[in-house]
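Colleague: Build me a model from this:
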Amino acid sequence: MLSPEQIDQLINIRQHLHRHPEVSGDERATAARITSELISLGADRLWQGLGGHGVAAEFRGAEDGPTVLLRCELDGLPIREISDLPYKSEIEGKGHLCGHDGHMVSLLGVAMRLARRPAKGRVILLFQPAEETGAGAKAVIADPRWPEIRPDYAFACHNVPGRPLGEIGLRSGPGNCASRGMKLHLEGKSSHAAAPEDGLSPGAAMAGLMTALPALSKGRIGDDAFALATLTHAKLGEPSFGIAPGDGELRVTLRSMTNARMEALVLDALAQVEAHSDRLTADISWHDVFRSVVNDEQATSIARHAASMRGMVCYEMPIPMRWSEDFGRFGDDGAKAALMYIGAGEDHPQLHNPDYDFPDALLPVVTDLFCSILRELLGFPQN
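Modeller: Predicted structure coming up:
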């Protein structure tokens with residue numbers, strides 16, 4: 001277990017990271033601080049600049065064995081923090097309001113425990129960039145050095161406000177939804193507001209799509225047919241009384257429980273655009289593309305046993321989380337992967353709220369859970 005002094009050290013590091021958040025793709029200083037800590041903790045090997053600013057550290061056992069990857073996230077959010085915390089964000093408009101600062105420090109706690117190496121195999125601690133945009137895991141796996149790291153097992157945790165503090169949520173199969181942002185630009189022809197017939201306004205098409213696209217939503221989370229299309233932004237022309245607009249933009253987030261359902265939902269959305277945009281030029285781009293997190297049955301079972309050996313309370317989740325997480329790509333890459341959902345408190349502010357803060361009481365919980373998993377797979381020392 002971590003000593004009180006080690007826990008205090010981790011809390012101080014977390015508060016430093018919380019004061020200095022960096023958003024997806026811009027995690028330079030965060031990565032540098034993490035690298036410095038890993039060097040001081042005696043990692044056997046380091047990879048820097050993975051998929052952007054990602055950092056990975058290897059801790060090697062005495063004998064050959066499987067490679068187990070533990071993953072966390074480096075990035076904060078483009079949201080202004082509203083709090084009275086003495087360590088609140090010092091960067092205007094940016095904050096660690098999803099708990100990634102706590103996730104990072106939990107892995108540093110594992111690195112502290114790895115001063116006593118596992119009996120066999122390798123532990124890889126991955127500090128991944130750009131999770132919030134869905135780009136980071138894909139970029140890490142595409143890095144030419146990834147084959148040196150590629151794991152047999154992969155585990156990660158995410159804190160979950162609304163559940164009892166320290167509860168371990170587990171779910172084999174779909175655990176987080178697939179999602180993607182659809183940006184649609186419609187181009188027609190502007191005209192004088194006194195002669196709209198001499199132009200081509202996208203207004204009618206936008207009005208139709210603002211109804212048709214959300215109507216693609218079907219079913220309930222937990223059903224394979226579940227689909228959710230959420231209108232998130234609309235803009236028609238420029239603010240004016242003298243111009244009939246010639247262009248418009250819509251943004252819609254598509255969400256599904258499975259990747260196959262997402263493929264069908266994308267086709268349905270494209271069909272609606274085609275049906276409503278006659279004579280207009282339609283330009284479509286996709287953003288923040290997340291694959292579904294599908295938790296491997298064996299990896300989930302290992303996590304369940306590890307949690308029970310520590311006397312932790314486990315919660316068998318009946319349905320997946322609606323929100324997305326790009327951890328699913330590590331399972332797509334062949335690892336036996338499981339994401340674990342750690343209760344952050346029933347009355348805790350929600351993820352992405354401006355007053356959210358990671359509860360420090362979870363640091364030893366997450367560290368102990370990861371170390372128990374390592375002991376299951378690699379003979380990691382219990383104490």
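Colleague: centroid residue for this protein?
Modeller: Centroid-nearest residue in the chain, with CA atoms, centre = their mean: Glu325, separated by 3.5 Å.
Colleague: In terms of helices and strands, where is it?
Modeller: Per DSSP states H and E, Glu325 falls between elements, in no helix or strand.
Colleague: Grab the nearest non-local neighbour of it.
Modeller: Excluding its sequence neighbours, the residue lying closest to Glu325 (CB to CB, 6 or more residues apart in numbering) is Asn176, at 4.6 Å. Every residue, glycine included, has its C-beta placed from N, CA and C.
Colleague: How about Gln6?
Modeller: The nearest residue in space to Gln6 (CB to CB, 6+ apart) is Met112, at 5.5 Å.
Colleague: The host helix or strand of the one you found - contacts with which helices or strands?
Modeller: Using DSSP H and E, Met112 sits within helix 100-113. Using 3 or more CB pairs under 8 Å, 6 or more residues apart in numbering; DSSP states H and E, the elements in contact with helix 100-113 are helix 4-19, helix 28-40, strand 63-73, strand 120-128, strand 153-160, helix 362-378.
Colleague: Arrange these in TSV, one row each, with mean pLDDT and distance to Ala56 as further columns.
Modeller: Listed next are the helices and strands packed on helix 100-113 as TSV, based on pLDDT from 0 to 100; distance: least, CB to CB, whole Å:
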stretch	mean pLDDT	distance to Ala56
helix 4-19	98	18
helix 28-40	98	9
strand 63-73	97	8
strand 120-128	98	5
strand 153-160	98	12
helix 362-378	97	15
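Colleague: and stretch 99-117, average pLDDT?
Modeller: The average pLDDT within stretch 99-117 is 97.
Colleague: Please compute how far it lies from its chain's middle.
Modeller: 18 Å (CA atoms, centre = their mean, to the nearest Å).
Colleague: For that stretch, list every residue counted as buried.
Modeller: 99-114, 117 (16 or more other CB atoms under 10 Å).
Colleague: and if you look at stretch 293-308?
Modeller: Val293, Val294, Asn295, Asp296, Ala299, Thr300, Ile302, Ala303, Arg304, Ala306, Ala307.
Colleague: Next one: the residue nearest to Val23 when sequence neighbours are not counted from Ser179, what distance?
Modeller: In space, and not counting its chain neighbours, Val23 is closest to Pro78: 5.3 Å by CB to CB, 6+ apart. With distances taken as CB to CB, to the nearest Å, Pro78 is found 18 Å from Ser179.
Colleague: wait, Gly109 sits on Val365?
Modeller: No. Gly109 lies out of contact with Val365 (CB atoms under 8 Å); the separation is 10.1 Å.
Colleague: Let me see the ranges of the strands in the stretch 251-383 of the chain.
Modeller: Under the criterion DSSP state E, counting those that start in this stretch, the stretch 251-383 of the chain contains strands at 281-290, 293-295, 314-316, 336-343.
Colleague: How many residues are close by the nearest residue to Pro174 once chain neighbours are set aside?
Modeller: Leaving aside its chain neighbours, Pro174 sits nearest to Pro320 (4.7 Å; criterion: CB to CB, 6+ apart). Counted with other CB atoms under 10 Å, the neighbours of Pro320 add up to 22.
Colleague: contacting residues around Pro320?
Modeller: For Pro320, the contacting residues are Arg171, Pro174, Gly175, Asn176, Cys177, Ile221, Gly222, Met257, Val293, by CB atoms under 8 Å, 6 or more residues apart in numbering.
Colleague: so can I have JSON lines of the strands of the stretch 251-383 of the chain showing mean pLDDT and distance to Leu351?
Modeller: Formatted as JSON lines, these follow (pLDDT from 0 to 100; distance: least, CB to CB, whole Å):
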{"stretch": "strand 281-290", "mean pLDDT": "98", "distance to Leu351": "15"}
{"stretch": "strand 293-295", "mean pLDDT": "98", "distance to Leu351": "15"}
{"stretch": "strand 314-316", "mean pLDDT": "98", "distance to Leu351": "17"}
{"stretch": "strand 336-343", "mean pLDDT": "98", "distance to Leu351": "11"}
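Colleague: can you put those in a markdown table and add distance to Gln272?
Modeller: Converted to a markdown table, these look like this (distance: least, CB to CB, whole Å):
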| stretch | distance to Gln272 |
| --- | --- |
| strand 281-290 | 11 |
| strand 293-295 | 27 |
| strand 314-316 | 38 |
| strand 336-343 | 32 |
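Colleague: Other residues contacting stretch 254-273?
Modeller: Residues contacting stretch 254-273 (CB under 8 Å, 6+ apart): 174, 177-182, 184, 209, 212-213, 216, 221-230, 252, 282, 284, 291-292, 320, 322, 324.
Colleague: make it 6 Å
Modeller: By CB atoms under 6 Å, 6 or more residues apart in numbering, the surrounding residues in contact with stretch 254-273 are 174, 177-180, 182, 212-213, 216, 224, 226-229, 282, 291-292, 320.
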